[in-house]
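> This is a predicted model, with the sequence first.
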Amino acid sequence: MNTQTAVAFTHETVRLDGESFSDCEFKKCRMVYAGGSPPVFRDCRFDDCEWRFEGAASDTLEYLKVVWNAGGKATVQGLIKQITGGGR
């Protein structure tokens with residue numbers, strides 16, 4: 001995993017898969033995750049960034065929409081609770 005430390009990103013497209021960021025600042029960036037190894041953020045700051053999902057990550061979100069619309073609302077809501085720490 002590549003670690004970038006104390007870097008300021010401004011108006012950039014930042015590919016997140018397999019990356020690690022420490023004490024970085026992101027201003028008006030396009031943050032792109034494509035479904036590879038999840039990124040790591042330590043003490044980073046984000047200002048007006050756009051979060052995008054491509055490839056396998058986008059496919060997973062589309063699948064969750066299908067599950068939701070097929071009657072699996074409780075399953076998707078359970079996943080959201082896990083992600084956000086709700087229900088602890």
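That came in fine, so what should we check first? Numbers count the residues shown, from 1 in each chain.
> Okay, now the unreliable bits of this structure?
Where the chain drops to pLDDT under 70, the residues are 87-88.
> Spatially central residue in it, please.
residue 33 (6.0 Å; C-alpha atoms, centre = their mean).
> Tell me where the chain has helices.
Using DSSP state H, the helices of the chain run over 55-69, 73-84.
> closest to residue 39 out of these?
Smallest distance to residue 39 across the helices of the chain (C-beta to C-beta): 11.3 Å, for helix 55-69. No exception for glycine: its C-beta is placed from N, CA and C like everyone else's.
> Tabulate the CA atom coordinates of that closest one in PDB.
The C-alpha trace of helix 55-69 is given here as PDB (Å, rounded to 0.1, in the frame of the first residue of the first chain):
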ATOM      1  CA  GLY A  55     -16.200  -0.500 -11.800                       C
ATOM      2  CA  ALA A  56     -16.900  -3.200  -9.200                       C
ATOM      3  CA  ALA A  57     -17.700  -0.500  -6.600                       C
ATOM      4  CA  SER A  58     -20.400   0.900  -8.900                       C
ATOM      5  CA  ASP A  59     -21.700  -2.600  -9.600                       C
ATOM      6  CA  THR A  60     -22.000  -3.300  -5.900                       C
ATOM      7  CA  LEU A  61     -24.100  -0.100  -5.400                       C
ATOM      8  CA  GLU A  62     -26.300  -1.100  -8.300                       C
ATOM      9  CA  TYR A  63     -26.800  -4.600  -6.800                       C
ATOM     10  CA  LEU A  64     -27.800  -3.000  -3.500                       C
ATOM     11  CA  LYS A  65     -30.500  -1.000  -5.400                       C
ATOM     12  CA  VAL A  66     -31.800  -4.200  -6.900                       C
ATOM     13  CA  VAL A  67     -31.900  -5.900  -3.500                       C
ATOM     14  CA  TRP A  68     -33.700  -2.900  -2.000                       C
ATOM     15  CA  ASN A  69     -36.300  -2.800  -4.800                       C
END
